[in-house]
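**Q** Next input, structure requested:
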Amino acid sequence: MGALDSLAAYFEIDERDTDLETETIAGLTTFLAMSYIIVVNPAILSEAITLEGYSSGEVQQMITVATILASAVAIFVMAFWANRPFGLAPGMGLNAFFAYTVVLGLGVPWQVALAAVFVEGVIFIALTAIGARRYIIELFPEPVKFAVGAGIGVYLLFLGLQEMQLVVDDSATLVGLGNVATSAVAALSVVGLAVMLILHARGTRGAIVIGIVATAVAGWVLTALGVVSPGTLTPPGSYEQVTSEGVVSLIANVQYDFTPLVAGFVDGLGMITDDPLVFVLVVFTFFFVDFFDTAGTLIGVSQIGGFLDENGDLPEVEKPLMADAIGTTVGAMIGTSTVTTFIESSTGVEEGGRTGFTALVVGLLFVLSLLIVPLISAIPQYASYLALVVVGIIMLQGVTDIEWQDPAWAIAAGLTITVMPMTASISNGLAAGIMSYPLVKGAMGEADDVPVGQWALALAFIVYFVVYFAVDAGMVSF
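**A** Numbers count the residues shown, from 1 in each chain. Next comes the predicted model:
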């Protein structure tokens, strides 16, 4: 048996009705869709993390290395232990909460914030090992489970259209339609999206990858030809850097030594007792958001992949949950915020990814990106977000699994689907559905049909929002 045959057997390629070529394309698709995190996460965290003797650029490069390594560790656990096609990385939203609310807002030292993320990860490992996380996720009301996929679909659409500048700020209505005639990003994005949708409709393998790469290349070519100014269709500062320093020089000068971040984490462990109450509140907030974001993502992406059983549960869900737990713990130790499963994994699942081999490809590409960080940062975010629009449309099919004639189902599912994109939070959408379901069932005279665990979940969300709003409003400080 050859190496490829051994890989196929290990990842159960035949049993899951796929092949290595499809899985490879799916992995590449997921990586391209989520590779922006390699640039964005360090940019956000470097606002809060400072190191004496190092420039902000050097600190940002350290965090870049930490981001890549933490993602790779989590993804390899997902590939080899869970055998699921999901990508993981430091989560958006959680990194902003880490930087702007916890460190810059509350005044918690970044070292202590890393310690809080570490403690969260350790708790996740313990709860996953004993099956507690699986038990809680399986408590979710059925209408919420079946609505998550469509909710994430609308959320992806909203995110993608914003990045394409087709949905823009409006002082009167909050959002409005972008002007394709005056926005080069919007114009190129529409063309790129049209190409991607046409290829997808024709069943072209790798349609999403082709669309992302073609759009990114077109942006760079139009910039090089002088049609648009640098920074319009290319990431800010990237064109100037490439033309002045050259790609080889940029790659050679990357700061790979991230040990100062590790030292900061160790220092943070010793500072926990300075204000234990605030530390506990921060850990609780990180824990709660990550728990439900990950749960929602796993359920939603699994729905379009056909991985869920008849009750809307993901079999052996504790295995992919362990991947984000280990990734979060390792990530905190080397200098980055909470690691979670990415909704962009849906792009690879749509391309046919069904096994951990897809995740393995994603992880290997993350590792390889250590060598070409400047090239990864050259991919415009609007190009990768085209994939979110395509997949978002596809994920809307989940609404057909909802029993809309049942008021409890309609209200819980409707709130889950709408609150998620409107608040830019998967966990908020889950909260709306989970809290409304027992209340509506009670109003219908069917309170006895609601398990005690679902009432407890609703109460837990109320406690969470009280803590979150207190922390976010700065009512506590370090």
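**Q** my guess is residue 22 meets residue 205, correct?
**A** Yes: using CB atoms under 8 Å, residue 22 makes contact with residue 205 at a distance of 7.5 Å. In short, each C-beta sits where N, CA and C put it, glycine included.
**Q** For these two, list the residues in contact with both.
**A** residue 351 (CB atoms under 8 Å, 6 or more residues apart in numbering).
**Q** More neighbours: which of these two?
**A** Each of residue 22 and residue 205 has its neighbours counted (other CB atoms under 10 Å); residue 22 has more, 20 against 12.
**Q** show me the contacts for residue 239.
**A** So residue 239 contacts 220, 223, 230, 231 (CB under 8 Å, 6+ apart).
**Q** Could you pick out the buried ones from the residues you listed?
**A** For those, a burial check counting by 16 or more other CB atoms under 10 Å picks out 220, 223, 230.
**Q** Give me the phi and psi for the second one.
**A** The reference is to residue 223. Torsion angles at residue 223 (phi, psi; degrees, to the nearest 10) stand at phi -70, psi -40.
**Q** dump the residue contacts of it.
**A** Counting by CB under 8 Å, 6+ apart, residue 223 touches 229, 230, 232, 233, 234, 239.
**Q** And those, which is closest to residue 330?
**A** Checking the contacts of residue 223 against residue 330 with CB to CB, the nearest one is residue 234 at 32.9 Å.
**Q** got a list of what that closest one touches?
**A** Contacts of residue 234 by CB under 8 Å, 6+ apart are 219, 220, 223, 378, 380.
**Q** of all those residues, which two lie farthest apart?
**A** Pairwise distances across the contacts of residue 234 (CB to CB) peak at 10.8 Å, for the pair 223 and 378.
**Q** want to try a markdown table for the buried ones among the contacts of residue 239, with distance to residue 461 and pLDDT as columns?
**A** Below are the buried ones among the contacts of residue 239 laid out as a markdown table (distance: CB to CB, whole Å; pLDDT from 0 to 100):
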| residue | distance to residue 461 | pLDDT |
| --- | --- | --- |
| 220 | 45 | 94 |
| 223 | 47 | 95 |
| 230 | 46 | 93 |
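**Q** Make CSV out of the residues you listed and add distance to residue 422.
**A** CSV is the format used below for the buried ones among the contacts of residue 239 (distance: CB to CB, whole Å):
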residue, distance to residue 422
220, 35
223, 35
230, 35
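**Q** in which helix or strand would I find residue 175?
**A** strand 174-177 (DSSP states H and E).
**Q** contact partners of that strand?
**A** Taking CB under 8 Å, 6+ apart as the rule, strand 174-177 contacts 166, 167, 168, 169, 170.
**Q** and the first one, how many residues sit next to it?
**A** So the one you mean is residue 166. 20.
**Q** Do I have it right that it meets residue 189?
**A** Yes: here residue 166 reaches residue 189: they are 6.9 Å apart, a contact under CB under 8 Å.
**Q** Find the nearest non-adjacent residue to residue 167, please.
**A** In space, not counting the residues next to it along the chain, residue 167 is nearest to residue 161; the distance is 4.2 Å by CB to CB, 6 or more residues apart in numbering.
**Q** Likewise for residue 117?
**A** Nearest to residue 117 is residue 332, by CB to CB, 6+ apart, at 3.9 Å.
**Q** So what's the residue count around that neighbour?
**A** Using other CB under 10 Å, residue 332 has 28 neighbouring residues.
**Q** And it, how far from residue 107?
**A** According to CB to CB, to the nearest Å, residue 332 and residue 107 sit 19 Å apart.
**Q** name the element residue 393 belongs to?
**A** Assessed by DSSP H and E, residue 393 sits inside helix 381-395.
**Q** show me what contacts residue 318?
**A** 128, 129, 131, 133, 134.
**Q** swap in residue 394?
**A** Residue 394 makes contact with 153, 304, 350, according to CB under 8 Å, 6+ apart.
**Q** I'd like those residues laid out as JSON lines, including pLDDT.
**A** Below are those laid out as JSON lines (pLDDT from 0 to 100):
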{"residue": "153", "pLDDT": "90"}
{"residue": "304", "pLDDT": "86"}
{"residue": "350", "pLDDT": "92"}
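**Q** on that earlier part again, after the helix or strand containing the residue nearest to residue 167, next one along is what?
**A** Assigned by DSSP H and E, residue 161 falls within helix 142-163. Proceeding N to C from helix 142-163, the next assigned helix or strand is strand 167-170, under DSSP H and E.
**Q** neighbouring strands for that next one, and are they parallel or not?
**A** According to DSSP bridges, strand 167-170 forms sheet pairs with strand 174-177 (antiparallel).
**Q** Show me what the helix or strand that comes right after the strand it pairs with is packed up against.
**A** Per DSSP H and E, strand 174-177 leads on to helix 184-201 as the next helix or strand towards the C-terminus. When contacts are defined as 3 or more CB pairs under 8 Å, 6 or more residues apart in numbering; DSSP states H and E, helix 184-201 sits against helix 207-224, helix 381-395.
**Q** 10 Å - rerun?
**A** For helix 184-201, the packing partners by 3 or more CB pairs under 10 Å, 6 or more residues apart in numbering; DSSP states H and E come out as helix 142-163, helix 207-224, helix 381-395.
**Q** between those, which gets nearest to residue 259?
**A** Closest among these, once you apply CB to CB, is helix 381-395, at 30.0 Å.
**Q** Give me the buried positions along the closest one.
**A** Going by neighbour count (16+ other CB under 10 Å), the buried part of helix 381-395 is 382-395.
**Q** Same check on stretch 97-117?
**A** Buried residues in stretch 97-117, counted by 16+ other CB under 10 Å: 97-99, 101-103, 105-106, 108-117.
**Q** And stretch 44-62, by the same measure?
**A** Result for stretch 44-62 [16+ other CB under 10 Å]: buried residues 44-49, 51, 54, 58-62.
**Q** Likewise for stretch 433-444?
**A** The neighbour-count check on stretch 433-444 (16+ other CB under 10 Å) flags 433, 434, 435, 436, 437, 438, 439, 440, 441 as buried.
**Q** Relative to residue 265, which of those is nearest.
**A** Closest to residue 265, out of all of the buried residues of stretch 433-444 and judged by CB to CB, is residue 434, at 33.7 Å.
**Q** mind checking how far the closest residue to that closest one other than its chain neighbours is from residue 138?
**A** Among residues not flanking residue 434 along the chain, residue 457 sits closest, at 5.2 Å (CB to CB, 6+ apart). Residue 457 is 11 Å from residue 138, where distance means CB to CB.
**Q** Compare these two (neighbour count), which wins?
**A** residue 457 (22 against 15).
**Q** Could you tell me whether that one really is in a helix?
**A** Yes: using DSSP: H, G, I helix; E, B strand; the rest coil, the assignment for residue 457 is a helix.
**Q** My guess is it contacts residue 291. True?
**A** No: counting by CB atoms under 10 Å, residue 291 is not a contact partner of residue 457; they are 11.0 Å apart.
**Q** list residues touching both of these two?
**A** 136, 430 (CB atoms under 10 Å, 6 or more residues apart in numbering).
**Q** buried sites along stretch 170-188?
**A** 178, 180, 183, 184, 185, 186, 187, 188.
**Q** That should have said stretch 32-48, apologies.
**A** In stretch 32-48, counting by 16+ other CB under 10 Å, buried: 32-42, 44-48.
**Q** which ones are touching residue 404?
**A** With CB under 10 Å, 6+ apart, residue 404 has these contacts: 143, 410, 413, 414.
**Q** Quick check: next helix or strand after the helix or strand of the chain with the lowest mean pLDDT?
**A** Here the helix or strand of the chain ranked lowest by mean pLDDT, DSSP states H and E is helix 247-252, holding a mean of 66. The first helix or strand that comes after helix 247-252 along the chain, using DSSP H and E, is helix 259-270.
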